Structures are given as C-alpha cells and as structure tokens.
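Peer 1: what follows is a predicted structure for the sequence shown.
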Amino acid sequence: MKKIRMSDFGFRIWLCCYAATLAVATAAWAHEARPAYLEIKEIAPGRFNVLWRTPVLSGMRLPVALKLPDDLQNVQDPTVEELADSLVERRWIDAGPHGLAGRRIEFAGLQLTITDVLVRVDMLDGRTSTTIARPSQPWVEIAAAQTWLGVAGTYIVQGIRHILFGVDHMLFVLGLLLIVADRWMLLKTVTAFTVAHSITLAIATLGYAAVPVLPLNAAIALSILFLGPEIVRSWRGETSFTIRHPWVVAFVFGLIHGFGFASALTSAGLPRHELPLALLSFNLGVEVGQVSFVLLVLALERSFRQLEIRWPRWVAALPGYAVGSLGAFWTIQRVAILVGK
C-alpha cells in the first residue's frame with residue numbers, strides 16, 4: 001500500500017479528530033452555543049419587566065433555569081410563549097424600595113452547558129448594562145451603567161464564542177480548507193465567505209429579511225454535506241466547479257450561514273437601538289474566531305511538515321469522509337424535524 005508523509009497524515013488526522021469531537025458535541029445539542037437572553041427593564045421605582053428567553057432545538061429546551069432573589073415578588077403571574085426556536089417567559093416583579101442594585105441573579109444548570117446567557121438591564125434613570133453569564137460563572141450582579149466600549153466588548157466575545165462553538169459553521173470552514181489548494185485561493189475563499197455571511201447577518205439582524213429556523217438549519221447541514229464528495233474528488237485528483245472556484249461556493253453558502261449567525265442576535269430580542277453596535281461587534285467577534293481557527297489549522301499544517309513518519313493513505317482520507325458523513329447525518333436529522341412539524 002502506498003504511504004504518505006507525516007506532514008499530510010498529521011494535519012489530516014488532527015482535522016479528523018476535530019470532526020469527531022464535533023460529532024460527539026452535536027449529538028445532544030447541535031446549536032447549544034446560541035445564548036439564552038435575559039432582559040430586565042425598570043418601569044417604575046423598584047418595579048421591573050423581566051423577559052427570559054431560552055433556545056429550543058429539536059424540541060429540547062436549553063437546561064438552564066432563571067433564579068431571581070428569593071425576596072422579589074411577582075406583581076402578576078408569569079406568562080410563557082412557545083416560539084419555533086425558543087421559549088419566552090415574561091414576568092413583572094417588585095424588588096422593593098432598594099431595587100436590584102447589587103443583587104445577584106443566578107442561572108441554575110448553566111455550568112453544565114457550553115453556552116452563555118446575555119443579560120440586558122435598563123434602569124428608569126437611563127442607566128443600561130449588557131453582560132454575559134458563562135458556565136464558569138453562572139450568575140450576574142446588577143451594576144451601574146456600561147460604556148459603549150463595554151457593550152461592544154460583550155458582543156465581540158459573544159461572536160467569538162458563537163463561531164467557535166457553532167460546530168456546523170466550523171465544520172463548513174473545515175471542509176473549505178480541505179478543498180482549497182493554495183494560499184491565494186484560500187484568501188479569496190475565506191474573504192468570500194466573510195463578505196457573504198456579513199451581508200445576510202446585517203440584513204437579518206436589522207429586520208429586512210428573515211428565514212425560518214428549521215429550514216435554515218437544514219440548509220446549513222446540506223452545505224456541509226455538499227462539501228463531502230467535493231473533498232474526496234479533490235483528493236483523487238479530479239476537478240469540478242467547486243474545486244476550481246471554491247470562493248464562489250463559499251460566497252453562496254456564506255449567505256445561508258449568515259442567517260444562522262443572525263439567529264444568535266435576533267432570537268435574543270435585543271432592543272432596536274442597540275442592534276447596530278451589537279451587529280458590528282458580534283460580526284467582528286465572528287471574524288476573529290473564524291480567522292483564529294484558519295490560522296490554527298495553517299500553523300498545524302506547517303508544523304506537521306517537519307515530520308517524516310509514514311502512514312497508510314486511508315487514514316488521511318478520514319476527515320473528508322467525516323465531513324460528508326456528519327453533513328449527511330445533520331441533513332437527515334434536520335429535514336426529519338422539519339417534515340415532522
């Protein structure tokens with residue numbers, strides 16, 4: 001059997017391990033990286049409207065519960081609204097004469113997930129704050145107002161986490177990397193994907209267009225499935241439109257993935273006046289995460305070129321088949337969910 005160098009094997013086997021990790025992570029919650037959202041708005045001294053939104057995927061609600069301070073009182077019974085991609089709970093509370101300043105709000109179960117909770121607080125005197133609760137610290141304290149830099153930083157971090165934990169988006173980028181033959185074409189391909197998803201991210205976030213969540217998830221899975229055969233074809237020395245012009249395919253499917261990125265913001269129900277800053281910062285975070293992933297892969301590829309150990313060729317083909325197999329699994333799963341609704 002023909003052998004290949006460790007430079008090829010090491011790079012591809014690392015990609016295969018990454019793909020396998022994605023498969024395990026997504027078996028339970030393919031989009032768990034979508035954040036939950038808590039909005040607290042003061043409507044009278046010491047009285048607040050509370051909106052608590054948790055993502056739902058495949059009928060599974062994110063296993064995180066909102067825990068307000070025990071001494072708060074409900075002004076009226078909470079209401080729950082079930083949407084296609086989330087559950088929305090609304091309540092009206094009385095926090096007493098001292099309000100919520102310095103009070104801690106907890107998110108039970110958050111430490112067992114890989115997602116975040118985006119927390120927005122609007123006070124009656126005009127003070128606002130936007131913070132993130134993470135699995136490592138599943139609570140927030142109501143504090144003073146934030147500067148615009150603080151708000152931007154919050155959304156940049158959220159964008160980075162969304163792309164790095166958005167396993168289907170990352171697997172698509174991984175598939176593109178396995179097809180692209182040279183650095184110049186890689187630059188064109190990544191740029192095309194960036195431009196495309198930035199366009200639809202902006203369109204969807206600003207409310208000019210919307211795509212239903214279930215068909216969108218199925219389309220994203222189909223884009224990954226599409227790359228599987230193209231990867232194998234490129235390794236066999238064959239050619240196709242995708243192999244000759246991967247940047248075109250990256251642009252077309254990037255438009256679809258952009259709507260997926262937008263769901264992380266639009267499903268949160270953020271205040272309209274904060275959307276432009278949120279959009280810019282979140283998109284910047286997505287790009288930082290995406291470029292970091294590409295640079296990591298390139299760095300690993302270069303480091304593996306220094307090794308000369310030989311391995312069977314079939315092992316090096318595993319990542320391409322893993323991309324196609326996961327794409328097929330997600331496509332079947334999401335189409336079945338779509339048809340079953």
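Peer 2: Thanks, I have the structure now.

Peer 1: strands along this structure, start to end?
Peer 2: Remark: strands assigned in the chain by DSSP state E are 3-4, 36-44, 47-57, 60-61, 65-67, 73-82, 86-94, 104-108, 117-122, 128-133, 139-141, 311-312.

Peer 1: and among those strands, the most buried is which?
Peer 2: Of the strands of the chain, the one with the most neighbours on average (mean count of other CB atoms under 10 Å) is strand 117-122, at a mean of 23. Backbone N, C-alpha and C define where each C-beta goes, glycine included.

Peer 1: off-centre distance for that one?
Peer 2: Chain-centre distance of strand 117-122: 18 Å, with CA atoms, centre = their mean, to the nearest Å.

Peer 1: got the buried residues for the lengthiest helix in the chain?
Peer 2: Counting residues, the longest helix found in the chain (DSSP state H) is helix 275-304. Of all the residues in helix 275-304, those buried under the rule 16 or more other CB atoms under 10 Å are 275, 277-279, 281-283, 285-290, 293-294, 297, 301, 304.

Peer 1: on that earlier part again, out of the strands of the chain, nearest to W148?
Peer 2: Comparison of the strands of the chain against W148 by CB to CB identifies strand 128-133 as nearest, at 10.1 Å.

Peer 1: what is the orientation angle of that closest one with strand 104-108?
Peer 2: Counting by axes from the mean of the first three to the mean of the last three CA atoms, to 10 degrees, strand 128-133 points 40 degrees away from the direction of strand 104-108.

Peer 1: direction included, what does strand 128-133 pair against?
Peer 2: strand 117-122 (antiparallel) (DSSP bridges).

Peer 1: can you list contacts of the partner strand?
Peer 2: 35-42, 64, 100, 105, 107, 110, 128-133, 138, 140, 142, 154, 158, 268, 270-271, 274 (CB atoms under 8 Å, 6 or more residues apart in numbering).

Peer 1: mean pLDDT and distance to W235 added to the strands of the chain, as a markdown table?
Peer 2: Below are the strands of the chain laid out as a markdown table (pLDDT from 0 to 100; distance: least, CB to CB, whole Å):
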| stretch | mean pLDDT | distance to W235 |
| --- | --- | --- |
| strand 3-4 | 39 | 11 |
| strand 36-44 | 91 | 41 |
| strand 47-57 | 89 | 33 |
| strand 60-61 | 80 | 37 |
| strand 65-67 | 93 | 48 |
| strand 73-82 | 88 | 46 |
| strand 86-94 | 91 | 41 |
| strand 104-108 | 93 | 45 |
| strand 117-122 | 89 | 41 |
| strand 128-133 | 84 | 41 |
| strand 139-141 | 88 | 48 |
| strand 311-312 | 64 | 14 |
